[in-house]
Every structure is written in C-alpha cells, then in structure tokens.
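**Student:** Make a model of this:
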Amino acid sequence: MKTTVIQLLLTGILFVSFACTADFEKINTNPNAGEKADEVYYLTKVIISTAYDYQKEAYMGKPAAAGRYMTRLRNAGDDTFGWTSEGWDSHYYRLSENRTFHDQAIANGRDQYVATSLILGVFNFAYVTDLWGDIPYSEALKSKDEQIVYPKYDKQEEIYPDLIAKLKEANTLLKSSTLPIDASADVMYGGDVLKWRKFANSLRLRLLLKASDKLPDALSTIQEMLNNPSEYPLFESNADNAEIPYVVTHKWPGGPTGGGGNLTDEYAEFIKRRPSKEIIDFMQSRNDPRLSLLFDEVADPASGLVDKNPYVGAPVALISIYDYNGGGDNISTLNKSVFYLDLPGKVKASMMIYPEVCFMIAEVMQQKGVTVSGKTAQSFYEEGIKASLLYWGASSESAEGYLIQDGVSYDGTLKQLIGQKWASLFIKGAEGWFDYRRTNDILGFNGGINPEGAKQTTIPFRYIYPDGERAQNKKQYDEALKIFGADDINTKMWLIK
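**Tutor:** Predicted coordinates for the structure are as follows:
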C-alpha cells in the first residue's frame, strides 16, 4: 500500500503545481481519504512538492530572470521587471501539510520525523521570507486548530533567528534518535539520517551567512559549526545534495525534466526560454567545460548579426528579443540531449547542492575571518568549482585545467568567488538572485538591462504581497506595512538593508 501512495505522489505532484493557486487546496484534498495519514506519506509528499516547485521557479519563474540565468523570447514580462503581486498559496499549503506531518510525528513520539519536518518547514519558510520579507509566520498555520484566520506578519529579523534555532534542534534530534527514517518514503536520502543532518546544517550555514551582517552571533555560530564537524556535519560531496530525480512518467512541459516525444510541444516552453547573455558570456570567456554540457551551439555562428560566437545568450529586456542576433536560431538553447530528452537522473530537482556549501565556507573565510583547520578559502573555492563541473559531467582533467585559467585562478576577491558560485547554481534555485541583492550587484547585472524595454533598470529586491492579503487580511497587511515599508518590488527587507 505504501508503494502505491508514493507512486501516486510521483505521478501527480507536478500537475498539481501548475494548478491555479486559488484551487490548490481543493485539488490536493482527497475526499476518499481519512483525515489522518501516516507520517511517511507526508514525508514523501512534502519532499516532492518542495523540490519540484523550487526547481520549477528556478527555470520558469521570476528567480530565473532576476538571477540572470534565463531569458524569455516570448511572454517576457518577468524579464522587464515590472512585477506585480505574487501569490503564495502554494507555499503556505505545503507548509500546512508539513505542519500536519510535524504534529503527527510529535503525537506519535517519532523524533526522526519531527526533525525532518523541521528541516523541510525551515526550508520553505526561509524561501517565503527571502521572497517577500516580513510574512505571516508565528500565526500562519493556526487557522484550523486555533481559529486564527487573519495571521499577523512577523518581522524578518525575528523569523530568521527562529529558523536557525529550529535547524539546530533538528540536527540534535537526529543525532540522539535511534528511530529509523522509512527508506521507501524518503525519496531524497533513502532513510540516511546522517545526510539529513548534513542538509540541516548546510541550510543553517546558508541562513547564517545571509544574516551575518545582522545577527551578532552569526559568525561565531558558523565558526562553532566548522570547528565541530562531527556535531555539525555539512555536505561533503555531491552525493549529499538535497535533490531528487525526476521520473519519466511525470514532468512539467518544457522544463528541466525535458519532455521529448509526444509528451511536450518543443515550442511551448523549451524554445521560449533561453540561457541569458550573462551566463553564456561568463562561461564562454573562460573556456568553461560546463558550456557544452549545459548549452547547445547556434546552428551557424557566422550568420549572427551582433554575436558570431558558437554560443549566444539572450540579453534582458530587449524590445524585440526574438529577433536578437538574427532570430531564435542564432541564440543558444539549453542542451537538448540533457534537458529535453527523457533521461531520468540526468537532471534533478534540487533544494541545495554541495558546491554552494563550498563557496559559502570560502566566503566566510575570505571575507569574515572564519577559519577551518588545514584549509584555506582558496581550497574551498577550487573544490566548489570542481564539484560543479563534475556534477554536470565534466572530466577531472578538464576541471583541473579550468582552475588555472586566467579569470578563474584564485585571486582572493569576492567578485570572483561570487561569480563562480553564481555559475555553479545555474537553475538550481533562487540563491543567485539573493546573492545579487546581498552583494549589491557585484557582478554588474543591472548594467545589462536595456532601458528601452525594461520597466526599471535595476533587478527587483522582492515580490509584492498577494492581492488576497489586501482584500482578506487587510488589517494585518496594513499593520505590517507600517513597519516594513511600501509594498514595492524595490523595498529592501531586513536582510539587505
């Protein structure tokens, strides 16, 4: 019976993710099911919905445009940065499911699932507050049990410390618990408790780095973690990545899962979305081995009107972007043999990957005085690059050769480090965009925005709150703005003020 539930989740979850957010709960409620389900059901469901939706936005949503990874050739509204309100129903529905998972685990005395629900809850809440800023948090999931239907907005500066504390709690619970995680339900780590601990601590490192200029104990906490790897294990290789494979029987049209055959109209999404000029130029100028692994060459470079390189990226906010360089045939696509064909396991839905951890440690060592015994910032920088190249299928030899090239060989600057981190996170989430905000556009993305086609010439800092909040939760919404500031895409949240 358990296998049947998991198979149903695997074949259905992405079709749900494309549903209108207003119908999300109705679609995801099974009228034939009991009100309670075993914890393992929720473990599977929350992992899948979290990973797939996070990955989907990294390719198709605003984070792909704001992180300057992808550019649309049609329907390019996200790329012109005239963003309007953005719904969060799917995020809070998933968090509600996760709370049920958490509450049942507590009631049944299963600390291993209390811990995994804490980790998944933190991941999702961190993503929501990173996108919007101040959000409903402490009262957000209490409509059913405590009849709080108009939750207050909590300040981001209060949310972040609580999320960080929950990850520490999760690591402690997993270390002390002797109860196993059901391997068949754990579609990410197959019941490996140590890998869940590594995810908890790696995610904690992510949040601590973001808040390192705001929380007085952030750097000392990072130092404590790095001093005690047995107590606070982190990702050690790509084998620890928090990601799950796509399966052939369910994929979203034209996305990183591919499609192929009769399952996807090639021109629906795949041809519409092209790699950005920024990512192509970055890799091409450095003879990056990932270039041919991630992207396809244009058919005839010599026919390009403005760019005759083998690989051509699409600039942002051009008025007639589809005509750029002589038309769509003269702009690279993602590598069709990797992203478009039915190749299970080739492309995964990722929440966090090992290269990010390497670059985060390199940054706190290089910029903030944190130390690691026997290691240098350069060693973590180089490990992050190698891990990314190997992840996408480059050889060890090409990775070693890449490290000694001009522009890649370690120079001790934050700009170089953030550039390589950004490249390693290509369509792996919103962190490229968040680093843009955090480092004051150190890579110069705003300079590539065409003022004639853009609504503004700077990449937004945040999402605008959902329309429903102004209509249905207006009192709490209005109170929140008195503290937060204008509900505008350019208002800076606490993390980046």
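
**Student:** Quick one, grab the pLDDT at W88.
**Tutor:** At W88, the model reports a pLDDT of 97.

**Student:** so where do the strands sit in the stretch 101-250 of the chain?
**Tutor:** Listed in chain order, the strands of the stretch 101-250 of the chain (DSSP state E, counting those that start in this stretch) span 135-136, 153-154, 242-245.

**Student:** What is the last one packed up against?
**Tutor:** This points to strand 242-245. Secondary-structure packing of strand 242-245 (3 or more C-beta pairs under 8 Å, 6 or more residues apart in numbering; DSSP states H and E): helix 39-60, helix 193-210, strand 348-352. Quick note: C-beta positions are derived from backbone N, CA and C, even for glycine.

**Student:** what mean pLDDT does it have?
**Tutor:** Mean pLDDT, strand 242-245: 93.

**Student:** gap between that strand and the chain center?
**Tutor:** 12 Å (C-alpha atoms, centre = their mean, to the nearest Å).

**Student:** Mind listing the strands the helix or strand following it pairs with, and their directions?
**Tutor:** Following strand 242-245 in sequence order, the next helix or strand is strand 273-275 (DSSP states H and E). Using DSSP bridges, the neighbouring strands of strand 273-275 in the sheet come out as strand 70-72 (antiparallel).

**Student:** residues in contact with the partner strand?
**Tutor:** Contact partners of strand 70-72, identified using C-beta atoms under 8 Å, 6 or more residues apart in numbering, comprise 59, 64-65, 78-79, 272-277, 313-316, 321, 427.

**Student:** before we move on, the earlier item: got the strands of the stretch 101-250 of the chain as JSON lines, with distance to P355 columns?
**Tutor:** JSON lines is the format used below for the strands of the stretch 101-250 of the chain (distance: least, C-beta to C-beta, whole Å):
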{"stretch": "strand 135-136", "distance to P355": "29"}
{"stretch": "strand 153-154", "distance to P355": "32"}
{"stretch": "strand 242-245", "distance to P355": "12"}
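
**Student:** Tell me which of the ones you listed is the most buried.
**Tutor:** With neighbours defined as mean count of other C-beta atoms under 10 Å, the strands of the stretch 101-250 of the chain peak in mean count at strand 135-136, which reaches a mean of 24.

**Student:** pLDDT below threshold where in the stretch 251-400 of the chain?
**Tutor:** Residues of the stretch 251-400 of the chain that meet the criterion pLDDT under 70 lie in 251-268, 341-345.

**Student:** Let's see that with 50 instead.
**Tutor:** When the per-residue scores of the stretch 251-400 of the chain are filtered using pLDDT under 50, the ranges that remain are 259-264.

**Student:** tell me the contacts of the residue nearest the centre of the chain?
**Tutor:** The structure's the chain has its C-alpha centroid closest to G429; by C-alpha atoms, centre = their mean the separation is 2.3 Å. If a contact means C-beta under 8 Å, 6+ apart, then G429 has Y54, Q55, A58, P63, S350, M351, M352 as its contacts.

**Student:** ok so it is a helix residue?
**Tutor:** No. Assigned with DSSP: H, G, I helix; E, B strand; the rest coil, G429 falls outside any helix and is coil.

**Student:** Now the two most distant members of the contacts of G429.
**Tutor:** For these, the maximum inter-member distance is 14.4 Å, found between P63 and M352 (C-beta to C-beta).

**Student:** Please identify which of the strands of the stretch 101-250 of the chain is closest to D145.
**Tutor:** Minimum separation from D145 across the strands of the stretch 101-250 of the chain (C-beta to C-beta) falls at strand 135-136, 15.3 Å.

**Student:** average pLDDT for that closest one?
**Tutor:** The predicted confidence, averaged over strand 135-136, sits at 98.

**Student:** Partner strands of that strand and their direction?
**Tutor:** In the sheet containing strand 135-136, its partner strands are strand 153-154 (antiparallel), by DSSP bridges.

**Student:** Now do the same contact list for the nearest residue to N241 once chain neighbours are set aside.
**Tutor:** Once its chain neighbours are removed from consideration, N241 has its nearest residue in I353; the separation is 4.6 Å (C-beta to C-beta, 6 or more residues apart in numbering). Taking C-beta under 8 Å, 6+ apart as the criterion, I353 is in contact with F235, N238, N241, A242, E243, Y391, S424, L425, K428.

**Student:** which of those are buried?
**Tutor:** Among the contacts of I353, those classed as buried by neighbour count (16 or more other C-beta atoms under 10 Å) are F235, N241, A242, E243, Y391, S424, L425, K428.

**Student:** Out of the contacts of G429, which is nearest to Q367?
**Tutor:** Proximity of the contacts of G429 to Q367, judged by C-beta to C-beta, is greatest for M352, which lies at 20.9 Å.

**Student:** and that closest one, how many residues sit next to it?
**Tutor:** Counted with other C-beta atoms under 10 Å, the neighbours of M352 add up to 25.

**Student:** And the nearest residue to it once chain neighbours are set aside, how far from L219?
**Tutor:** Across the structure, with C-beta to C-beta, 6+ apart as the measure, the residue nearest M352 apart from its sequence neighbours is A242 (4.4 Å). A242 sits at a distance of 24 Å from L219 (criterion: C-beta to C-beta, to the nearest Å).

**Student:** again with I148
**Tutor:** For I148, the distance to L219 under the criterion C-beta to C-beta works out to 36 Å.

**Student:** could you measure the closest residue to E431 other than its chain neighbours against T116, distance?
**Tutor:** If the residues on either side of it in the chain are set aside, E431 comes closest to L425, at 5.4 Å by C-beta to C-beta, 6+ apart. Here L425 is placed at a distance of 24 Å from T116 (C-beta to C-beta).

**Student:** Understood, closing this out.
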